[in-house]
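K.L.:
Predicted coordinates and the sequence they were generated for:
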Amino acid sequence: MAELVIRDLHVSVDGDEGPREILRGVDLTVRSGEVHAIMGPNGSGKSTLAYSVAGHPKYTVTSGTVTLDGEDVLAMSVDERAKAGLFLAMQYPVEVPGVTVSNFLRTAATAVRGEAPKLRAWMGEVKEAMGKLKVDQSFAQRNVNEGFSGGERKRHEILQMELLKPKIAVLDETDSGLDVDALKVVSEGVNRIHDEIGTGLLLITHTTRLLKLIPAEHVHVFVDGRIVASGGAELADKIDSEGYEAFVASEEAGAKA
């Protein structure tokens, strides 16, 4: 069983007036087969957590630890984190001009698996995965994310996830920019991967829209760079009906005390 453990994580970014702390002591454990949701208002640091775990150079970890199956994630390069079984689906996937989806996926699979998949078997694997996500086969010959719609970008992220089979996947605002039909297809893909592979999921979102399709047993409320409340699905229901105001007010009161 895979286990991602985050302990007392503090992260800063450089600003015009010097380093600014965004994460202020995050504690979280995500295991294989579990679905966790990080919810919170915009600007609370949710995406910073995702990118810090993935190794984005913009973010500086000033203290704390992140381990995957006991191994120090923070000591790993970005590609080493992927090889270890971590996966990040970005809110705004970037374009990679001149690189086809087919070549990108095979290169990623080669890096993660340690050897290049045999071409005929690989083509069958990609075709099957595309079929599950209702992606046209011509998609494979397009350049990565170049001219893609929001739905196509997100389907490509889940296509990667399906083929790389990560231990732990962090999905940052996966519902952003998706219409109802695209969200349904993407959510079905995530649920299928979770059920078949046992991938542990960390869903980052500020609404309950995604959680209606990908149920989370563990819900955490993020305010001002740290988790201020945790619970089950009932916590998401409370947020849906009452919003984040009470959590923000409680955090501000605690800071003044």
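P.N.:
Looks like it came in fine.
K.L.:
Can you show me the strands along the stretch 151-257 of the chain?
P.N.:
Along the stretch 151-257 of the chain, counting by DSSP state E, counting those that start in this stretch, strands occupy 168-172, 200-205, 218-223, 226-231.
K.L.:
Turn those into TSV, including mean neighbour count, distance to residue 153 and mean pLDDT.
P.N.:
Quick note: C-beta positions are derived from backbone N, CA and C, even for glycine. Compiled in TSV, the strands of the stretch 151-257 of the chain are given as follows (neighbours: other CB atoms under 10 Å; distance: least, CB to CB, whole Å; pLDDT from 0 to 100):
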stretch	mean neighbour count	distance to residue 153	mean pLDDT
strand 168-172	25	12	95
strand 200-205	24	16	95
strand 218-223	23	24	96
strand 226-231	17	29	96
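K.L.:
Out of these, the one nearest residue 75 is which?
P.N.:
strand 168-172 (17.0 Å; CB to CB).
K.L.:
residues contacting the closest residue to residue 90 other than its chain neighbours?
P.N.:
Nearest non-adjacent residue to residue 90, counting by CB to CB, 6 or more residues apart in numbering: residue 172, 5.8 Å away. Going by CB atoms under 8 Å, 6 or more residues apart in numbering, residue 172 touches 46-47, 50-51, 88-91, 204.
K.L.:
Residue 89 versus residue 172, what's the distance?
P.N.:
From residue 172 over to residue 89 the distance is 6 Å, taken as CB to CB, to the nearest Å.
K.L.:
ok, now residue 111?
P.N.:
17 Å.
K.L.:
Kindly report the same for residue 215.
P.N.:
Residue 215 is 18 Å from residue 89, by CB to CB.
K.L.:
Looking at these two now, which is surrounded by more residues?
P.N.:
Using other CB atoms under 10 Å as the criterion, residue 215 and residue 89 rank with residue 89 on top: 24 against 12.
K.L.:
List the residues that contact the more buried one.
P.N.:
154, 157-158, 160-161, 169-172, 174.
K.L.:
what are the phi and psi angles of it?
P.N.:
In terms of degrees, to the nearest 10, the main-chain angles of residue 89 are phi -100, psi 110.
K.L.:
Residue 201 versus that one, what's the distance?
P.N.:
Applying CB to CB to residue 89 and residue 201 gives a distance of 10 Å.
K.L.:
go on, residue 44?
P.N.:
20 Å.
K.L.:
Please apply the same query to residue 109.
P.N.:
Distance from residue 109 to residue 201, by CB to CB: 21 Å.
K.L.:
Same check on residue 176?
P.N.:
Counting by CB to CB - residue 176 and residue 201 are separated by 17 Å.
K.L.:
What segments of the protein are helices?
P.N.:
Remark: helices assigned in the chain by DSSP state H are 46-54, 78-84, 101-113, 119-132, 150-164, 180-197, 233-242, 245-256.
K.L.:
Make TSV from the ones you listed and add distance to residue 9 and mean neighbour count to it.
P.N.:
Below are the helices of the chain laid out as TSV (distance: least, CB to CB, whole Å; neighbours: other CB atoms under 10 Å):
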stretch	distance to residue 9	mean neighbour count
helix 46-54	7	23
helix 78-84	15	16
helix 101-113	25	17
helix 119-132	33	14
helix 150-164	24	22
helix 180-197	24	17
helix 233-242	21	15
helix 245-256	17	13
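K.L.:
mind checking which of the strands of the stretch 151-257 of the chain is nearest residue 134?
P.N.:
strand 168-172 (18.7 Å).
K.L.:
tell me the contacts of the nearest residue to residue 114 once chain neighbours are set aside?
P.N.:
Nearest residue to residue 114 in three dimensions, chain neighbours excluded: residue 83, at 7.8 Å (CB to CB, 6+ apart). Applying CB under 8 Å, 6+ apart to residue 83 gives the contacts 111-112, 114.
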